[in-house]
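**Student:** following is a predicted model, sequence given first.
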Amino acid sequence: MTLRKTFSKLVPIVLALILPAALGYAQEEDNCPSGVDYQAWWSESFDEGDYQDAVQAATCWIAEDPEYDFAYAMRGRSYNALDQHAEAVADYTTAIELQGDYDYYYALRANAYNGLSEFDLALADATFAIELDPDYAYAYALRGDNYLDMEDPTAAIDDLTRAIELDSDYVWPLATRSLAYQQLNLLDEALADAEAAIAIDPEYGYGYTRRGEIYYLSGQYDLALEDFEMAGLYNFDNIFSFVYRSIIFNRLGEVDEAQFEWNKLLRFRTGGEPLMAGVRIETGGLLTVMMFEGALFEVGYEASAGQPLVIALTDIDPDAVVDPLLIVLGPNGLPLALDDDSGPVWDSRLSFTPDEDGLYTLVITHAYAGSEGLVQLTVIDDIP
């Protein structure tokens, strides 16, 4: 899934206020302390990334004034940041009912619908936000990102270009347009956008990820290694930076460095201990696992050199949205390939031809769009 910029409206922060964030209040109206500026509490909690506390603050804010649309919208933003997209949609809908035709609320709800893979509803809300304000850069960027998730990179480029025209310093649509160009194999255009994003914000980790992928696809491994290192520097939990660097070092025969990068990923997932190690799958087989936040499963597969395969990792949960990530380890236990979104929507689908006979490992984990739910692994022969 493409990374989304959390769009923010500035909310005043009362710096001298002693906030109750550290007290661990449950998200209930009867846990609202008196004498507190709930808007300032929400703002500080949200800005510090304590989204659970921000939900509680906004809940108190709503209890204080149940007709205040902005409080519902800010609680919706907090839920969205927690990947509780259904709750976010409910709050944004209430804000819209109270306020009426406010482009910002429709754009926020579009983002939440996208998180639920409700792409038609997301498209409708983003389009209506644009109708309300034809110069709303964020709405164009959202709709472009939505088109990309709907596997229409050409339409995505049109909207992302409009967002960039309206706000030339807006790095998110630049990086997202880079990905759209990459999907169309227009690597020169993709590279130009990634470099433009980095020039605007030299600490924008997503920009380095985009450029690193382009260098990787072009075989410029030294440059790719540098960019993925920078991506990890500015987004310390950027698992793609670890995996790509491990793949590249493995290809270059630098096994110790490859293992070091792979160990970084393992520390972020299940505390360094893969799940289901020892389980195997055969050609034509199916394996279903329950994904959860931070999970990483390892499944063995006995492969024959030169036999093309299609390996798929699919979200099959009717009640959740999962963004599966598939990684293939070679017989030496180090990464050879990965796929994030080549299947429908956010599913993984990888065409892979083993170079040697042996036991390969298929790693099942998740990217960023959703981490909890049922996913299914399949391996079939790739027959032309």
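**Tutor:** That came through fine. Numbering: from 1, shown residues only.
**Student:** please count neighbours and contacts with C-alpha atoms only from this point.
**Tutor:** OK.
**Student:** got the contact list for I200?
**Tutor:** I200 sits next to 169, 171 when contact means Cα atoms under 8 Å, 6 or more residues apart in numbering.
**Student:** and the one 5 residues further on, by the same measure?
**Tutor:** G205 is in contact with 230-235, counting by Cα under 8 Å, 6+ apart.
**Student:** separate out the buried members of those residues.
**Tutor:** 230-232, 235 (16 or more other Cα atoms under 10 Å).
**Student:** lowest pLDDT pick from these?
**Tutor:** Minimum pLDDT across those is recorded for N235, with 86.
**Student:** so, low pLDDT: which residues of the stretch 251-384 of the chain?
**Tutor:** 369-370, 384 (pLDDT under 70).
**Student:** so which residues of it form strands?
**Tutor:** Using DSSP state E, counting those that start in this stretch, the strands of the stretch 251-384 of the chain run over 286-291, 297-303, 309-315, 322-329, 335-339, 348-352, 358-371, 373-381.
**Student:** tell me which residues of whichever strand or helix holds A54 come out buried.
**Tutor:** In this structure, A54 sits in helix 51-64 according to DSSP states H and E. If you call a residue buried by 16+ other Cα under 10 Å, then helix 51-64 has these buried ones: 51-63.
**Student:** can I get the residues you listed in CSV including pLDDT and distance to A110?
**Tutor:** Output for the buried residues of helix 51-64, formatted as CSV (pLDDT from 0 to 100; distance: Cα to Cα, whole Å):
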residue, pLDDT, distance to A110
Y51, 96, 20
Q52, 96, 22
D53, 96, 24
A54, 97, 21
V55, 97, 20
Q56, 96, 23
A57, 96, 24
A58, 97, 21
T59, 97, 22
C60, 96, 25
W61, 96, 24
I62, 97, 22
A63, 95, 26
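**Student:** got those residues as TSV, with distance to R210 columns?
**Tutor:** Shown next, in TSV, are those (distance: Cα to Cα, whole Å):
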residue	distance to R210
Y51	27
Q52	30
D53	33
A54	31
V55	32
Q56	36
A57	36
A58	35
T59	38
C60	40
W61	39
I62	40
A63	43
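**Student:** out of these, flag the one nearest to P153.
**Tutor:** Closest approach to P153 among those (Cα to Cα): Y51, at 32.0 Å.
**Student:** am I right that the closest one is in contact with S45?
**Tutor:** Yes: counting by Cα atoms under 8 Å, Y51 does reach S45; the two are 6.5 Å apart.
**Student:** list the residues that contact P153.
**Tutor:** P153 sits next to 147, 180-181, 183-184 when contact means Cα under 8 Å, 6+ apart.
**Student:** what about 10 Å?
**Tutor:** By Cα atoms under 10 Å, 6 or more residues apart in numbering, the contact list for P153 reads 144-147, 159, 176-177, 179-184.
**Student:** D101 now?
**Tutor:** So D101 contacts 95, 128-129, 132 (Cα under 10 Å, 6+ apart).
**Student:** give me the number of residues near the closest residue to F70 other than its chain neighbours?
**Tutor:** Nearest residue to F70, sequence neighbours excluded (Cα to Cα, 6 or more residues apart in numbering): A95, at 6.6 Å. As a burial measure, A95 scores 25 neighbours (other Cα atoms under 10 Å).
**Student:** any low-confidence regions in the stretch 1-150 of the chain?
**Tutor:** Within the stretch 1-150 of the chain, the stretches with pLDDT under 70 are 1-30.
**Student:** let me see the ranges of the helices in it.
**Tutor:** Using DSSP state H, counting those that start in this stretch, the helices of the stretch 1-150 of the chain run over 38-47, 51-64, 69-81, 85-99, 103-115, 119-132, 137-149.
**Student:** nearest to D222, out of these?
**Tutor:** helix 137-149 (29.0 Å).
**Student:** any idea how far whichever helix or strand comes after that closest one is from the chain center?
**Tutor:** Next in sequence after helix 137-149, counting helices and strands by DSSP H and E, comes helix 153-166. Counting by Cα atoms, centre = their mean, to the nearest Å, helix 153-166 is centred 20 Å from the centre of its parent chain.
**Student:** now helix 153-166 against helix 137-149, angle please.
**Tutor:** 160 degrees (axes from the mean of the first three to the mean of the last three Cα atoms, to 10 degrees).
**Student:** now the angle from the helix or strand following helix 153-166 to helix 153-166?
**Tutor:** Scanning forward in sequence from helix 153-166 by DSSP H and E, the next helix or strand is helix 171-183. Using the same axes, to 10 degrees, the direction of helix 171-183 lies 150 degrees away from that of helix 153-166.
**Student:** same question for helix 171-183, mean pLDDT?
**Tutor:** Averaging pLDDT along helix 171-183 gives 96.
**Student:** CA atoms of that helix as PDB?
**Tutor:** Output of helix 171-183 as PDB, limited to C-alpha atoms (Å, rounded to 0.1, in the frame of the first residue of the first chain):
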ATOM      1  CA  VAL A 171       6.000  15.800  -1.300                       C
ATOM      2  CA  TRP A 172       3.400  13.000  -0.800                       C
ATOM      3  CA  PRO A 173       1.800  13.300  -4.300                       C
ATOM      4  CA  LEU A 174       5.300  13.600  -5.800                       C
ATOM      5  CA  ALA A 175       6.400  10.300  -4.200                       C
ATOM      6  CA  THR A 176       3.100   8.600  -5.000                       C
ATOM      7  CA  ARG A 177       3.300   9.700  -8.600                       C
ATOM      8  CA  SER A 178       6.800   8.300  -8.700                       C
ATOM      9  CA  LEU A 179       5.300   4.900  -7.800                       C
ATOM     10  CA  ALA A 180       2.600   5.300 -10.500                       C
ATOM     11  CA  TYR A 181       5.300   6.000 -13.100                       C
ATOM     12  CA  GLN A 182       7.300   3.000 -11.800                       C
ATOM     13  CA  GLN A 183       4.200   0.800 -12.200                       C
END
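**Student:** as a markdown table, the helices of the stretch 1-150 of the chain with distance to G300 would be great.
**Tutor:** What follows is the helices of the stretch 1-150 of the chain, written out as a markdown table (distance: least, Cα to Cα, whole Å):
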| stretch | distance to G300 |
| --- | --- |
| helix 38-47 | 42 |
| helix 51-64 | 38 |
| helix 69-81 | 35 |
| helix 85-99 | 34 |
| helix 103-115 | 32 |
| helix 119-132 | 35 |
| helix 137-149 | 30 |
